[in-house]
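Chemist: Need the 3D shape of this:
(one chain, ligands or ions: 2)
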Amino acid sequence: MSEKIVIIEDDGGVRFFLEEALRGEGYRVFSYESYEAFLSKLDRTVDLLIMDINLPGMDGLSAIDDLKKKIIAPILIITAYGTKKNAMEAISKGATDFFVKPIPLDELKIMVRRVLGKKRLIEEIDLLKEEQFTSHSFHGVLGKSEQMKEIFRTVEKIAEKDLTVLITGETGVGKEEIANLIHVLSKRKGDLVVVNCASIPDALLESELFGYEKGAFTGAVQQKLGKMEIADKGTVVLDEIGEMTPSLQAKLLRVVEKKEIERLGSTKKRVVDVRIISTTNRILEDEIARGRFRDDLYYRLSQIRIHVPPLRDRSDDADVLLDAVLSGFGKESGIVLKISDDARQRLRGYKWPGNVRELINVLKKAAIMCEGDEITIDDLPLHLQGDYVLDTQDYSDRTLEEAIAALEKRMILDALKKTDGSQVNAARLLGISERSMWYRIKKYGIEAK
Ligand SMILES: Nc1ncnc2c1ncn2[C@@H]1O[C@H](COP(=O)(O)OP(=O)(O)OP(=O)(O)O)[C@@H](O)[C@H]1O
Ligand SMILES: [Mg+2]
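Modeler: Ligands and ions are numbered 1, 2, ... in the order given. Modelled structure (predicted):
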């Protein structure tokens, strides 16, 4: 469909003249004789707005401020002879360009074509970008590897069922991300409540989960709801379930089986309707074998099992995440960051012990280090620049202390090389103090340049 142009002009003659000229070019043209008349319809689907800023009874400049908030189309200004200053101010407020009456028809046609062409180009680029990411994202969770696609398929299938889910995987792979996804797609009306079983001491964890009545123990000055009750009709994520002690595991088992809880200090049973998702970076089967995790609880909690593989085993996802994070930076700062081919290669080949979380952090730091609009190998953290792959062969006949010293010396030499011998900058690069840099330089007999 052809583009829609709106004209706001009080002079009937000029209006007619513009309408005819632009219709002749194949555009759909709508015109209004006053700003109020346009506002009363406020058509946001307009592609270009041509407006006289000297309309009677109206402050044209504040109208532009107003319009910029309401529509995103470019604005061309028509101004009377001798009021060019006004037009310049309009441009500073965001108008695209201006014409002085009498309007030179050929120039107008060319400018309209140019402005609309540019707008279309920008829209096409935005669309392309969006498609690129939506095709590699499942409701906001990124991934295009076969492993992630399989996970997305599972999530889709089980989200609306009330089955318990156990999500396993190394730290930072995105377990919480998947738990969140399941909740969002579950259509459960209640909240998603996360309980971190690792960071809360056992005694507190119990009251955190089940709540307590006033006076249940010293310090229980008033009643407090547990996370299980807060998540009623929603989802509870038991984060790091592998850290839960056996006595609490036993209590949890009863809750999972009966779907009812007792607040501490009360014997009243309360029915709760919660979907339970657990996550862990431990191998629970090993924990069971060692007698640290109850197998009956394990089976109850893992009606569905989802394993999120480490990032190093899905480098396609690393690529997608990388582009998404970089374009995210672009949005924040207005600059679109690129990454050089060799830096991308380096990241692809890296082992990512901290998985996606580490990737995001590395890119954030690199974006800060980066001076132009392209991240290069030099902007990456040191351990990603050089080949500090610890080849145990190299160190096999040394003591641990000797091996560490050798690596330390190599990293310091590299950092000094990179900073043209500046000890201060090298220390900063390595994240150590100047004093400790100085100490090591002496220790390893590194000569100043
Ligand atoms: N597939 C993904 N798409 C988008 N963001 C992701 C993805 N996977 C992980 N992330 C992001 O990486 C970070 C770490 O993910 P998350 O917290 O889910 O990891 P985790 O497996 O729960 O780690 P931990 O075991 O340390 O708790 C978060 O900022 C998360 O948003
Ligand atoms: Mg987590």
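
Chemist: Okay, residue 305 and residue 296: tell me how far apart.
Modeler: As judged by CB to CB, to the nearest Å, residue 305 and residue 296 stand 16 Å apart. Heads up, the C-betas are built off the backbone N, CA and C, glycines and all.

Chemist: I'd guess residue 293 is in a helix, am I close?
Modeler: No: using DSSP: H, G, I helix; E, B strand; the rest coil, the assignment for residue 293 is coil, not a helix.

Chemist: Enumerate every residue touching it.
Modeler: Residues near residue 293 by CB atoms under 8 Å, 6 or more residues apart in numbering: 242, 246, 249, 284, 287.

Chemist: Now, the residues you listed that are in strands?
Modeler: In this view, these have no member that belongs to strands under DSSP state E.

Chemist: How many residues are close by the nearest residue to residue 139 once chain neighbours are set aside?
Modeler: Leaving aside its chain neighbours, residue 139 sits nearest to residue 181 (6.0 Å; criterion: CB to CB, 6 or more residues apart in numbering). Residue 181: 20 surrounding residues under other CB atoms under 10 Å.

Chemist: again, but for the one 10 residues further on
Modeler: The number of residues packed around residue 191, counting by other CB under 10 Å, is 15.

Chemist: Assign residue 238 to helix, strand or coil.
Modeler: Applying three-state DSSP: residue 238 is strand.

Chemist: how about the residues of the stretch 1-150 of the chain near ligand 1?
Modeler: 141, 142, 143 (CB under 6 Å from any ligand atom).

Chemist: Closest one of those to residue 364?
Modeler: residue 142 (16.3 Å; CB to CB).

Chemist: Now the nearest residue to residue 169 once chain neighbours are set aside: phi and psi?
Modeler: Leaving aside its chain neighbours, residue 169 sits nearest to residue 308 (3.6 Å; criterion: CB to CB, 6+ apart). The phi and psi values for residue 308, taken as degrees, to the nearest 10, are phi -100, psi 110.

Chemist: right, and residue 308 touches residue 171 too?
Modeler: No: here residue 308 does not reach residue 171: they are 10.8 Å apart, not a contact under CB atoms under 8 Å.

Chemist: tell me which element the residue nearest to residue 139 is part of?
Modeler: Element membership of residue 181, judged by DSSP states H and E, is helix 175-186.

Chemist: List the contacts of that helix.
Modeler: For helix 175-186, the surrounding residues in contact (CB under 8 Å, 6+ apart) are 138-141, 151, 155-156, 158-160, 165, 167-169, 192, 194, 234-235, 237, 239, 275, 277, 279, 281, 306, 308.

Chemist: Residue 308 and residue 171: who's more crowded?
Modeler: For residue 308 versus residue 171, the count of surrounding residues by other CB under 10 Å is larger for residue 308: 24 against 14.

Chemist: Next up, the contacts around the more buried one.
Modeler: 151, 167, 168, 169, 173, 174, 175, 178.

Chemist: export those to JSON lines and tack on pLDDT and neighbour count?
Modeler: Shown next, in JSON lines, are these (pLDDT from 0 to 100; neighbours: other CB atoms under 10 Å):
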{"residue": "151", "pLDDT": "96", "neighbour count": "22"}
{"residue": "167", "pLDDT": "98", "neighbour count": "27"}
{"residue": "168", "pLDDT": "97", "neighbour count": "21"}
{"residue": "169", "pLDDT": "96", "neighbour count": "19"}
{"residue": "173", "pLDDT": "97", "neighbour count": "26"}
{"residue": "174", "pLDDT": "97", "neighbour count": "23"}
{"residue": "175", "pLDDT": "97", "neighbour count": "26"}
{"residue": "178", "pLDDT": "98", "neighbour count": "24"}
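
Chemist: near ligand 1, which residues of the stretch 251-400 of the chain?
Modeler: 279, 281, 356, 357, 360.

Chemist: Inside helices: which ones of those?
Modeler: Taking DSSP state H as the definition of helices, these contribute 356, 357, 360.

Chemist: Show me which of these are buried.
Modeler: Taking 16 or more other CB atoms under 10 Å as the criterion, what is buried in these is 356, 360.

Chemist: Which member of the ones in helices among the residues of the stretch 251-400 of the chain next to ligand 1 is positioned nearest residue 95?
Modeler: residue 360 (39.4 Å).

Chemist: From residue 306, how far out is the closest one?
Modeler: Counting by CB to CB, the gap from residue 360 to residue 306 is 21 Å.

Chemist: Then residue 68?
Modeler: 47 Å.

Chemist: Mind checking which of the two has more residues around it?
Modeler: Between residue 68 and residue 306, residue 306 has the larger neighbour count (other CB under 10 Å), namely 21 against 13.

Chemist: sec struct for that one, please.
Modeler: The assignment at residue 306 comes out as strand when based on three-state DSSP.

Chemist: That one: what's it in contact with?
Modeler: Here residue 306 is in contact with 151, 154, 155, 165, 166, 167, 168, 178 (CB under 8 Å, 6+ apart).

Chemist: give me the low-pLDDT residue ranges for the stretch 1-150 of the chain?
Modeler: Along the stretch 1-150 of the chain, segments meeting pLDDT under 70 span 82, 127-134.

Chemist: for the single nearest residue of the chain relative to ligand 1, phi and psi?
Modeler: Using CB to the nearest ligand atom, the closest approach of the chain to ligand 1 is made by residue 174 at 2.5 Å. Torsion angles at residue 174 (phi, psi; degrees, to the nearest 10) stand at phi 110, psi 30.

Chemist: Quick check: it vs residue 181, distance?
Modeler: For residue 174, the distance to residue 181 - CB to CB - is 9 Å.
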